[in-house]
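Undergrad: my questions are about this predicted structure, shown below with the sequence.
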Amino acid sequence: MATKKKSKIIESADIAESLENKWPQIKKGNHLTVKTFENGHTVLEWDDEALTREVNAAILSVNQKENNEKRLRKQR
């Protein structure tokens with residue numbers, strides 16, 4: 001006969017407590033990682049390549065929109 005396993009229920013206070021005790025706390029973004037240490041010291045780590053790719057992509061998208069608008073004006 002098959003039995004159902006009881007799932008372990010984790011209280012939200014337990015989750016918060018376990019997160020508070022992990023040092024350094026790391027928040028990772030697309031091109032920036034922020035490390036916060038227990039003593040309040042913060043370190044920023046930039047990913048220059050990712051930042052450059054995002055900036056280039058933004059510039060290209062703006063240029064493409066401008067070119068499309070110019071082309072539509074010429075056609076009218």
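TA: Okay, I see it.
Undergrad: all strands for this protein, in order.
TA: Under the criterion DSSP state E, strands of the chain are mapped to 25-28, 32-36, 42-46.
Undergrad: tell me the most buried of those?
TA: Highest mean neighbour count among the strands of the chain (mean count of other Cβ atoms under 10 Å): strand 32-36, with a mean of 14. Using the backbone N, CA and C atoms, a C-beta is placed for each residue, glycine as well.
Undergrad: mind listing what that strand pairs with, with the direction of each?
TA: Take DSSP bridges as the rule and strand 32-36 pairs in its sheet with strand 25-28 (antiparallel), strand 42-46 (antiparallel).
Undergrad: rewinding a little: okay if I get the strands of the chain as JSON lines plus distance to Glu66 and mean pLDDT?
TA: Output for those, formatted as JSON lines (distance: least, Cβ to Cβ, whole Å; pLDDT from 0 to 100):
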{"stretch": "strand 25-28", "distance to Glu66": "33", "mean pLDDT": "93"}
{"stretch": "strand 32-36", "distance to Glu66": "29", "mean pLDDT": "94"}
{"stretch": "strand 42-46", "distance to Glu66": "29", "mean pLDDT": "95"}
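Undergrad: with distance to Gln64 added, can I get those strands in TSV?
TA: What follows is the strands of the chain, written out as TSV (distance: least, Cβ to Cβ, whole Å):
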stretch	distance to Gln64
strand 25-28	30
strand 32-36	26
strand 42-46	27
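Undergrad: Lys65: which of those is closest?
TA: Comparing the strands of the chain against Lys65 with Cβ to Cβ, the closest turns out to be strand 32-36 (26.6 Å).
Undergrad: for that closest one, C-alpha coordinates in PDB please.
TA: C-alpha atoms of strand 32-36 as PDB (Å, rounded to 0.1, in the frame of the first residue of the first chain):
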ATOM      1  CA  LEU A  32      26.600  44.800 -10.900                       C
ATOM      2  CA  THR A  33      27.100  42.500  -7.800                       C
ATOM      3  CA  VAL A  34      26.700  44.000  -4.400                       C
ATOM      4  CA  LYS A  35      28.300  42.200  -1.400                       C
ATOM      5  CA  THR A  36      27.300  43.400   2.100                       C
END
